[in-house]
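# Here's a sequence, model it:
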Amino acid sequence: MNRYTKKVDQFAAAPMFCCSVLFLVFFAGTLHLFNLESSGIALDICNWCLFLLYPCFVAEAVTHIALGSPRWKFNLLYCLVPPLRICARDQMTGRAIWFPILAWREVNQAFLERVRKSFSVPMLIMALLVLPLFAVEHYWQKQIEASPLLADITALATGLIWFAFTLEFIVMISIEQKRVEYCRKHWIDLAVICLPMVAFLRAFRMAGLLRSARMFRLKSLVMKLYRALLMLDVINRLLQRNPEKRITRLESLLQEKEREIEEIKSEIAMLSDRININSLSVCGSTIQDDTPQKRAA
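Below is the predicted model of the structure:
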């Protein structure tokens, strides 16, 4: 069975990678068009593509369950969240990942650095695309509101940026060893990914839990926060691209830490001196008390 599991894993690596990326692309379109309340054909295309791609994940999961693959439970997770299949580990060892051009590679520090560098420039470009997009939304707001086609194009452009952020995050979280630490350091990216999905809360309106006006205000607040976080991420990525500023910031941090270390050492020395003085005082008083008794004896 292990032989068949390995063959299925190798055969499905490239096709399932493509299916997972395409699923994320169409989900990004559905997410942003749905939040826009678009009734155009673009939303229907995205929904139908998601519907047609989903059976691929189910078929792979059923195959690995039938073969008794060691990591078949992860395929059930991919059925629930298909984009997580993008950088799935191999079934036999769980230590290798299939990646375009690189093929199967063991997950180690060298592979991590290579993937990180490959994302560096494209993600900076995608982050900078936020600026002209926001400018178009600001200066052409009336035209966008009057034209459903322009509104759909703007939503899809925003969805493209969201797709890039999400793809990078999924790939990096798949190969990082300290995943919680990575999420803590990249909380802005995580918030950018999650905020558009919060707008799906408007579905509660159908259940009568929220009124339309309240839901509209909530969606507006969420999207404003989403744009602010995108801008913050752009600034953060630009700062990280400047090594001189990075070195200056690290040097100031090092000096601050060194001062803290010196203060801790001084406090330790002071406490040690105090302990020694107290010990000498106790010994001196004990000797004085013993001397009269020796003389009397």
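# my guess is residue 12 meets residue 60, correct?
Yes. With contact defined as Cβ atoms under 8 Å, residue 12 counts as touching residue 60 (5.9 Å). Glycine gets a C-beta too; all of them are placed from N, C-alpha and C.
# Tell me how far the residue lying closest to residue 173 once chain neighbours are set aside lies from residue 42.
Excluding its sequence neighbours, the residue lying closest to residue 173 (Cβ to Cβ, 6 or more residues apart in numbering) is residue 179, at 5.5 Å. Noted for residue 179: a distance of 34 Å to residue 42, by Cβ to Cβ, to the nearest Å.
# Of these two, which one has the most company?
For residue 179 versus residue 42, the count of surrounding residues by other Cβ atoms under 10 Å is larger for residue 42: 21 against 12.
# Can you check the pLDDT for the more buried one?
Residue 42 carries a pLDDT value of 85.
# Same check on residue 288?
On the pLDDT scale, residue 288 gets 57.
# that older thread, does the residue nearest to residue 173 touch residue 170 like I think?
No. Using Cβ under 8 Å, residue 179 is not in contact with residue 170, being 11.5 Å away.
# what are the ranges of the helices in this structure?
Along the chain, the segments classed as helices by DSSP state H run 2-35, 41-67, 72-80, 109-128, 130-139, 141-146, 148-175, 179-185, 187-198, 212-240, 243-296.
# and those helices, which one is worst for confidence?
helix 212-240 - the lowest mean pLDDT of those, at a mean of 56.
# Can you get me a residue count around the closest residue to residue 129 other than its chain neighbours?
Nearest non-adjacent residue to residue 129, counting by Cβ to Cβ, 6+ apart: residue 161, 6.1 Å away. Neighbour count for residue 161, taken as other Cβ under 10 Å: 18.
# any idea how far residue 276 is from residue 270?
11 Å.
# Oh, that last question was meant for residue 26, not what I typed.
66 Å.
# More neighbours: which of those two?
residue 26 (20 against 10).
# quick one: contacts for that one?
For residue 26, the contacting residues are 45, 46, 47, 49, 50, 53, by Cβ atoms under 8 Å, 6 or more residues apart in numbering.
# so the last one touches residue 22, yeah?
Yes. Taking contact to mean Cβ under 8 Å, the distance of 6.1 Å between residue 53 and residue 22 places them in contact.
# tell me the contacts of the closest residue to residue 171 other than its chain neighbours?
The shortest distance from residue 171 to any non-neighbouring residue, by Cβ to Cβ, 6+ apart, is to residue 87 (5.2 Å). Neighbour list for residue 87: 97, 98, 99, 170, 171, 174, 175 [criterion: Cβ under 8 Å, 6+ apart].
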